[in-house]
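J.: dropping a prediction and its sequence here:
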Amino acid sequence: MTYNNCSLCGTPAQIIKEITKPIYFHCPNCDLIFMDNEFFIDSTAEKTRYSLHRNSLANTGYVNMFERFIDVGVKPFCTGLKNGLDFGCGPGPVLSQLLTKLGINMDIYDAYFYNNPAIKEKKYDLITATEVFEHLKDPRSEIGFLKEILNTGGLLAIMTLFHDHCDFKTWWYRRDSTHICFYSTKTCHWIANHFNFKIKYIDSKNTCVWQKK
C-alpha cells in the first residue's frame, strides 16, 4: 500500500517510506501527516494513556503552558467572549478554570472523562482544543462539528505541535501512541480556507486561532 486518502482533505496521500512501523502518510495538498488507522490503539488503552496525565492547578508547568496559550490565543481577542467550551479537556480541566477567571462562562467536554452531549445543542463564543487535534481520528468531521457549535465571529483556538521544522522520523511528538495526525502552518491555512475561517493568530510552533466568518 502506497497511498491512502487524507483524513482531513481526502486527497491521496503518499506513504512516508522512512518509517516502517507504524505507517504514516503525508498529504501533498493540506500537508497533514497521519497514521494508518490499522495502527490506532483501542479505546481502553487510549483512556489508560490519558489517565496518566497529571493535569491539575498544582502542576506549575502545566498551568504555565496554558497561561502562555491564553496570553497569545485568547486575551487579545477576549472582548465579547461570554461563553466557551474546552473541548477534549482530559481528566483535569485546568484550562477552563483559568478561562473562567477571565469572566468566560466555560463548559467542558471530553469523550472519556466528561462526555457531555448537551454541548451539541449549544453555541459558543470560544472553543479551545489544547493538545487535542493530534488525537483526532476524523479531523474533517470533528472540525466541522466544532464550527457548527461556534457562533459567527466566535473563536476556535488550538494548541498542537506543528511539524513544519521537525525531522518527522526522529520527532519525539509522534512517539506517543495516541498521537495520530500532525499539522503544519500550511495545514492551518488550508483549514481556514476550507471551513471559511479567518486566522486571527498563528505562530510557527503550536498555536492557531481561527475566527468563524
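T.: That came through, no problem. Numbering: from 1, shown residues only.
J.: Glu134 is in contact with His179, correct?
T.: Yes: between His179 and Glu134 there is a contact under CB atoms under 8 Å: 4.5 Å. From N, CA and C alone the C-beta is placed, and that goes for glycine too.
J.: so for the two, which residue has more residues nearby?
T.: Each of His179 and Glu134 has its neighbours counted (other CB atoms under 10 Å); Glu134 has more, 20 against 17.
J.: give the helix, strand or coil label for that one.
T.: helix (DSSP: H, G, I helix; E, B strand; the rest coil).
J.: max-length helix in the protein?
T.: helix 60-73 (DSSP state H).
J.: check which residues of that helix are buried.
T.: For helix 60-73, a neighbour-count test (16 or more other CB atoms under 10 Å) marks 62-63, 65-66, 69-70, 73 as buried.
J.: any chance of those in JSON lines, plus distance to Lys205?
T.: Below are the buried residues of helix 60-73 laid out as JSON lines (distance: CB to CB, whole Å):
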{"residue": "Tyr62", "distance to Lys205": "17"}
{"residue": "Val63", "distance to Lys205": "19"}
{"residue": "Met65", "distance to Lys205": "12"}
{"residue": "Phe66", "distance to Lys205": "15"}
{"residue": "Phe69", "distance to Lys205": "11"}
{"residue": "Ile70", "distance to Lys205": "16"}
{"residue": "Gly73", "distance to Lys205": "12"}
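J.: so, low pLDDT: which residues of this protein?
T.: Low-confidence segments of the chain (pLDDT under 70): 1-3, 51-58.
J.: and stretch 103-118, end to end?
T.: Start to finish, the residues bounding stretch 103-118 are 21 Å apart (CA to CA, to the nearest Å).
J.: could you do stretch 114-125 as well?
T.: End-to-end for stretch 114-125, by CA to CA: 20 Å.
J.: one step back: quick check: neighbours shared by His179 and Glu134?
T.: Tyr173 (CB atoms under 8 Å, 6 or more residues apart in numbering).
J.: now do the helices in the chain.
T.: Under DSSP H, the chain gives helices at 43-51, 60-73, 94-100, 139-148, 185-195.
J.: Phe195: what's it in contact with?
T.: Per CB under 8 Å, 6+ apart, neighbours of Phe195: 143-144, 147, 210.
J.: got a quick ChimeraX command for the buried subset of those?
T.: Entered in ChimeraX, the line below selects the buried ones among the contacts of Phe195, by 16+ other CB under 10 Å:
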select :143,147,210
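J.: identify the farthest-apart pair in the contacts of Phe195.
T.: Gly144 and Trp210 (12.7 Å; CB to CB).
J.: would you indicate which residues of the longest strand seen in the chain are buried?
T.: In the chain, with assignment by DSSP state E, the single longest strand is strand 150-159. If you call a residue buried by 16+ other CB under 10 Å, then strand 150-159 has these buried ones: 150-151, 154-159.
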